[in-house]
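Enquirer: I'll drop the sequence and a predicted model, then ask my questions.
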Protein chains: 2
Amino acid sequence: MKGMKAFEPDEATDDEVAQEAAAFGPLAQAVRELADAALRTRVDPADARAATDEIEALTARLRADQLPGSYGVRRRPDGRGRPWGNAVIGLRNPIAPPLAPVAEADRVVADFDLGAVYEGPPGLVHGGVVSLILDQMLGQAAGARGRPGMTGTLTIVYRQATPLGPLRAEAWIERAEGIKTWARGHVIGPDGVTAEADGVFILPRWARKLIEERGPDAPTPAYYE
Amino acid sequence: MKGMKAFEPDEATDDEVAQEAAAFGPLAQAVRELADAALRTRVDPADARAATDEIEALTARLRADQLPGSYGVRRRPDGRGRPWGNAVIGLRNPIAPPLAPVAEADRVVADFDLGAVYEGPPGLVHGGVVSLILDQMLGQAAGARGRPGMTGTLTIVYRQATPLGPLRAEAWIERAEGIKTWARGHVIGPDGVTAEADGVFILPRWARKLIEERGPDAPTPAYYE
């Protein structure tokens, strides 16, 4: 896997990080709700046009001072990552549900709820959204064990349709060898497992270097998305 | 693949469809821009809070009259689908880029641009977003040949990182047998193919019934997302 850059160092203090989360987390959440409403609304076309104008004005205000490119992944001095722009778990990313994966005994687990914007077939989660979430979860499982990686291969087997609504995803490491980590996981709906995934994750060059310098037992960045 | 419902019939006239597209397509586009701005903005926390309040008020106005559930996939009397809520190609879905796949000689092709909200590793498209797009494209390739299907299995091989920015995706059918269709595809970035996919798509029960009733050569819904 070529092309991966190291994390950008994160020089924000804990206070600044907390302040950013408190102001910009709710902003992203408000845009998530707006996205759902914009898709499902049945107001008159004239009302939709008026709303569009107001949204464009809001966007212009927010763009008055903005990052020149994407959000990236900031890395705290203690090694923790701050992947707030991530398309699946990003606190500041309005298209992310966002997932909040938690490390349990031998796995990483996330409970979440997918609404109308994640639809594929009527009433069902888009098959590609299922793969999006599983890719993130398998990567998290690898990262949680100090084996951050870029996806090398990913295979999804769809067992049954995944309904919109409350869901759970779980992922764990099967084995690791050299720069490769094999991970597995699944999504669980109200009627059991809906899709299973397995993937190979490749340790990026910068992480190999870090592990060489610090030794294999030192913590590596937990987030690698 | 269980659990798939048939399309909802679409009773809108051509005029009504055109009017809905003209008013609600730009609304979704405005929310896409707002999502990008909300992620990248560096305005003061107080300004972010003010914007959040205004967005919440807008959402309440749009929710005053809304669909009780998800958008679904409307089916026109001529068999064409209207998948405007789809997470990848949905005209009305703010989290969809949206892709606009075009049928060419032997394949389906889409040119698109992915910005900050689709990020995984710094500057790169999230690996799961790559799989999301490829799942849709392979499904489109199957549907374009009258073989709509739910994803049965999907395998992605990542060859190199996919940078944010302008990209192309292509997909085509390898073969079809009974209720199964095998499709392949890839994403192309500035340095060539970044990821390859192959998948098996399963004809849903309602489509099998339709094909039985109408004969194998009659058109089936082109969209099946």
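Expert: Nice, thanks for sending it over.
Enquirer: Which stretches in chain A count as strands?
Expert: Secondary structure of chain A (DSSP state E): strands located at A:8-9, A:74-75, A:81-82, A:102-103, A:108-114, A:150-158, A:165-177, A:180-189, A:192-202.
Enquirer: Please state the offset of the fifth one from the chain centre?
Expert: It refers to strand A:108-114. 11 Å (Cα atoms, centre = their mean, to the nearest Å).
Enquirer: which residues are contacting it?
Expert: With Cβ atoms under 8 Å, 6 or more residues apart in numbering or on different chains as the test, strand A:108-114 has contacts from A:97, A:99-102, A:125, A:129, A:133, A:137, A:140-141, A:144, A:164-172. Glycine gets a C-beta too; all of them are placed from N, C-alpha and C.
Enquirer: so which of the residues you listed also contact chain B?
Expert: By Cβ under 8 Å from any Cβ of the partner chain, the members of the contacts of strand A:108-114 lying near chain B are A:129, A:133, A:164.
Enquirer: hang on, the first one packs against residue B:93?
Expert: No: counting by Cβ atoms under 8 Å, residue A:129 stays clear of residue B:93, with 11.4 Å between them.
Enquirer: who touches both of those two?
Expert: Common neighbours of residue A:129 and residue B:93 (Cβ under 8 Å, 6+ apart) are residue B:87.
Enquirer: quick one: residue A:32 and residue A:91 touch, right?
Expert: No: counting by Cβ under 8 Å, residue A:32 stays clear of residue A:91, with 11.3 Å between them.
Enquirer: between the two, who's got more neighbours?
Expert: Each of residue A:32 and residue A:91 had its neighbours counted (other Cβ atoms under 10 Å in any protein chain shown), and the higher figure belongs to residue A:32 (25 against 20).
Enquirer: Phi and psi next, for the closest residue to the more buried one other than its chain neighbours.
Expert: Nearest residue to residue A:32 in three dimensions, chain neighbours excluded: residue A:94, at 5.1 Å (Cβ to Cβ, 6 or more residues apart in numbering or on different chains). Main-chain dihedrals, residue A:94, degrees, to the nearest 10: phi -60, psi -20.
Enquirer: same check, this time on residue A:145
Expert: Torsion angles, degrees, to the nearest 10, at residue A:145: phi -100, psi 20.
Enquirer: wait, what's in contact with it?
Expert: A:173, A:176, A:181.
Enquirer: That one and chain B: what is the separation?
Expert: 18 Å (Cβ to the nearest Cβ, to the nearest Å).
Enquirer: Give me the nearest residue to the residue nearest the centre of chain A, chain neighbours excluded.
Expert: Closest residue to the average C-alpha location of chain A: residue A:88 at 2.3 Å, with Cα atoms, centre = their mean. With sequence-adjacent residues excluded and distances taken as Cβ to Cβ, 6+ apart, residue A:88 is closest to residue A:136, at 3.9 Å.
Enquirer: Surely that neighbour touches residue B:129?
Expert: No: taking contacts as Cβ under 8 Å, residue A:136 lies outside contact range of residue B:129: 9.9 Å.
Enquirer: sorry, back to before: out of the strands of chain A, flag the one nearest residue B:84.
Expert: Across those, residue B:84 has its closest neighbour in strand A:108-114 (17.8 Å, Cβ to Cβ).
Enquirer: could you give the angle of the closest one to strand A:165-177?
Expert: Between strand A:108-114 and strand A:165-177, the angle comes out at 150 degrees (axes from the mean of the first three to the mean of the last three Cα atoms, to 10 degrees).
Enquirer: Pairing partners for strand A:108-114, with directions?
Expert: With DSSP bridges as the test, strand A:108-114 is paired with strand A:102-103 (antiparallel), strand A:165-177 (antiparallel).
Enquirer: Can you show me the CA trace of the last one as CSV?
Expert: Listed next in CSV are the C-alpha coordinates belonging to strand A:165-177 (Å, rounded to 0.1, in the frame of the first residue of the first chain):
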residue,chain,number,x,y,z
GLY,A,165,-32.2,1.5,12.5
PRO,A,166,-30.2,0.3,15.5
LEU,A,167,-27.2,-2.0,14.6
ARG,A,168,-24.1,-3.3,16.2
ALA,A,169,-20.7,-4.0,14.6
GLU,A,170,-17.9,-6.1,16.1
ALA,A,171,-14.3,-6.8,14.9
TRP,A,172,-11.3,-8.6,16.1
ILE,A,173,-7.8,-9.7,15.1
GLU,A,174,-7.3,-13.3,13.8
ARG,A,175,-3.6,-13.2,13.5
ALA,A,176,-0.6,-11.0,12.7
GLU,A,177,2.6,-11.7,10.8
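Enquirer: Please list all residues in contact with the residue in chain A sticking out farthest from the centre.
Expert: Centroid-distance maximum for chain A: residue A:46 at 35.7 Å, with Cα atoms, centre = their mean. Counting by Cβ under 8 Å, 6+ apart, residue A:46 touches residue B:23.
Enquirer: per-residue confidence at it?
Expert: On pLDDT, residue A:46 comes in at 96.
Enquirer: Against residue B:82, how distant is it?
Expert: Applying Cβ to Cβ, to the nearest Å, the value for residue A:46 to residue B:82 is 22 Å.
Enquirer: Pull up the distance across stretch A:37-46, start to finish.
Expert: Using Cα to Cα, to the nearest Å, the end-to-end distance of stretch A:37-46 comes to 16 Å.
Enquirer: err, stretch A:135-151, not the other one
Expert: 8 Å.
Enquirer: Over it, what's the mean pLDDT, rounded is fine.
Expert: 88.
Enquirer: still on that earlier bit, for residue A:136 and residue B:129, list the residues in contact with both.
Expert: Taking Cβ under 8 Å, 6+ apart as the criterion, residue A:136 and residue B:129 both touch residue B:120.
Enquirer: can I assume residue A:183 is in contact with residue A:136?
Expert: No: applying Cβ under 8 Å as the test, residue A:183 and residue A:136 come out as separate, 11.2 Å apart.
Enquirer: now chain A, which segments are flagged as low pLDDT?
Expert: A:1-8, A:77-80, A:215-225 (pLDDT under 70).
Enquirer: In terms of secondary structure, what does the lengthiest helix in chain A contact?
Expert: Secondary structure assigned by DSSP state H gives helix A:14-40 as the longest helix of chain A. Under the contact criterion of 3 or more Cβ pairs under 8 Å, 6 or more residues apart in numbering or on different chains; DSSP states H and E, helix A:14-40 touches helix B:14-40, helix B:45-63.
Enquirer: buried sites along the first one?
Expert: Of all the residues in helix B:14-40, those buried under the rule 16 or more other Cβ atoms under 10 Å in any protein chain shown are B:17, B:20, B:23-40.
Enquirer: burial count for residue A:188?
Expert: Neighbours of residue A:188 under the rule other Cβ under 10 Å: 17.
Enquirer: partner residues bridging it?
Expert: residue A:168, residue A:193.
Enquirer: what's near enough to touch it?
Expert: Contact analysis of residue A:188 by Cβ under 8 Å, 6+ apart lists A:167, A:168, A:169, A:170, A:194.
Enquirer: Perfect, that will be all.
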